[in-house]
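Colleague: Next one to model:
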Amino acid sequence: MKKIIEGYWFFISIFLITILIITNIHAQTNFELWVEAPPIFTIAKTESVNVYIKNTGAIDNNYTVTYTADATIGSHLINVYMPIIRTKTLKRGDVSSILARVTILGPVTGGWVQFTVTPDSGAPDTSPQILLITGSPINLPEFELIGLIQLLILASLLLIISYSSHFR
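Modeller: Numbers count the residues shown, from 1 in each chain. This next block holds a predicted model:
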């Protein structure tokens with residue numbers, strides 16, 4: 001009787017392992033994706049970002065691309081525009097690209113954009129994040145509030161000196 005119970009446990013464990021392996025194979029994505037973006041983004045300059053999708057599955061598939069943009073400070077200053085978010089039908093081995101236009105409207109801290117690709121059949125996959133590193137200079141120190149006040153005071157002094165020397 002003990003050998004029969006041990007035999008059942010053996011077959012049950014083999015059955016569960018087989019189900020886990022099949023589930024894991026089915027859950028794997030049947031596509032590859034990668035993103036090409038410039039290393040540095042300039043404020044107020046629209047940059048092109050390409051999201052590439054390669055169908056590695058056995059069936060033809062369509063893909064939809066969405067994005068999430070966020071920043072530690074200034075997340076409302078990240079503008080992403082994608083004129084097309086869906087690919088045509090890709091056969092096995094075909095590669096398609098989706099164009100995204102990213103514009104940083106002001107200084108952001110810790111900004112990133114992440115693209116998610118969802119096939120018509122299968123699980124979605126998320127690409128690595130694109131870090132939005134802004135190029136220097138973001139702001140020139142003389143045009144911050146203190147610099148602007150200094151410029152106004154200097155301009156006022158020059159006007160006073162100019163008018164006072166003119167009326168003498």
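Colleague: Can you say which helix or strand has the residue nearest the centre of the chain in it?
Modeller: Residue closest to the average C-alpha location in the chain (C-alpha atoms, centre = their mean): V113, at 2.2 Å. Secondary-structure assignment from DSSP states H and E places V113 in strand 111-119.
Colleague: what mean pLDDT does stretch 121-135 have?
Modeller: Mean pLDDT, stretch 121-135: 74.
Colleague: chain center to the strand holding V113: distance?
Modeller: Mean-position distance between strand 111-119 and its chain equals 5 Å (C-alpha atoms, centre = their mean, to the nearest Å).
Colleague: what packs against that strand?
Modeller: Packing partners of strand 111-119 (3 or more C-beta pairs under 8 Å, 6 or more residues apart in numbering; DSSP states H and E): strand 31-36, strand 47-55, strand 63-70, strand 78-81, strand 95-104, strand 125-126, strand 130-132. Every residue, glycine included, has its C-beta placed from N, CA and C.
Colleague: okay, those, which one's buried deepest?
Modeller: Of all these, strand 130-132 carries the top mean neighbour count, a mean of 20, counting by mean count of other C-beta atoms under 10 Å.
Colleague: Count the residues that sit near the closest residue to T72 other than its chain neighbours.
Modeller: Nearest residue to T72, sequence neighbours excluded (C-beta to C-beta, 6 or more residues apart in numbering): G110, at 3.5 Å. G110 is flanked by 13 other residues according to other C-beta atoms under 10 Å.
Colleague: For G110, what are phi and psi?
Modeller: The phi/psi pair for G110 (degrees, to the nearest 10) reads phi 60, psi 40.
Colleague: Run a quick check on it versus I73, I expect a contact.
Modeller: Yes. G110 lies in contact with I73 (C-beta atoms under 8 Å); the separation is 7.3 Å.
Colleague: hmm, back to that, could you give the bridge partners of the residue nearest to the centre of the chain?
Modeller: Note on V113: beta-bridge partners by DSSP bridges are A69, I130.
Colleague: which residues does it contact?
Modeller: 49, 67-69, 78, 80, 100, 102, 129-130, 132 (C-beta atoms under 8 Å, 6 or more residues apart in numbering).
Colleague: please redo it, this time with the cut-off set to 10 Å
Modeller: Contact analysis of V113 by C-beta atoms under 10 Å, 6 or more residues apart in numbering lists 35, 37, 41, 49, 67-71, 78, 80, 100, 102, 127, 129-132.
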